[in-house]
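**Student:** Starting from these lines, generate the structure:
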Amino acid sequence: MRLFLMILVVVGSAVFTPTNAQTSSVIESENSVKKDGKYALLVSNARYFQAAVRTGESLKANAPEMDFEVVLVGQVVKDIVTDVSLTKTIELSKKLGIRLVVCEAAMNHMQLKKSDYHSAIEFTPDGFIYIFGLQESGYKTITL
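**Tutor:** Next comes the predicted model:
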């Protein structure tokens, strides 16, 4: 009986003790992004492309020396050629020093040529392998 009461006290105190799992605020987390960091986003659609560039814009406003890349795969590879409304986003990327890299495998699948793209666009044979290479080079990456 004594053992049962001791177990009950230990378990009860563990269950009913308030915890603070997150001690840092959202603002503190946002401020912890390294000013000399290396970041890349892998995106597959136009909406995520625009969001990725806006994210880069926000980060580079406080840290222009930061490396920030957007790697384009899937449907967005075609959209940036056919949707003229995305030209502003491409030009903003160039102005901010955000590197845009298009997957040639997706480009070839959609029967597009390098000459179809804005001059600010760079190319890689395979966007997925490229993002792995960035990770190996110390980039923090997110896939959207």
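
**Student:** From now on I want contacts and neighbour counts done on CA atoms only, so please keep to that.
**Tutor:** Noted.

**Student:** Name the helix or strand for K78, please.
**Tutor:** helix 76-82 (DSSP states H and E).

**Student:** Extract the C-alpha trace of that helix and format it as CSV.
**Tutor:** This file holds the C-alpha atoms of helix 76-82, laid out as CSV (Å, rounded to 0.1, in the frame of the first residue of the first chain):
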residue,chain,number,x,y,z
VAL,A,76,6.2,27.0,-61.0
VAL,A,77,8.9,26.3,-63.5
LYS,A,78,6.3,26.9,-66.3
ASP,A,79,4.4,29.6,-64.4
ILE,A,80,7.4,32.0,-64.2
VAL,A,81,7.6,31.9,-68.0
THR,A,82,3.8,32.1,-68.8
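
**Student:** quick one: contacts of the helix or strand that it is followed by?
**Tutor:** As assigned by DSSP H and E, the chain's next helix or strand after helix 76-82 is helix 87-96. By CA atoms under 8 Å, 6 or more residues apart in numbering, the residues outside helix 87-96 that reach it are Q50, V53, E57, K60, P64, I80, R99, L100, H118, A120.

**Student:** What residues of the helix holding K78 count as buried?
**Tutor:** With burial defined by 16 or more other CA atoms under 10 Å, the residues of helix 76-82 counted as buried are V76, V77, K78, I80.
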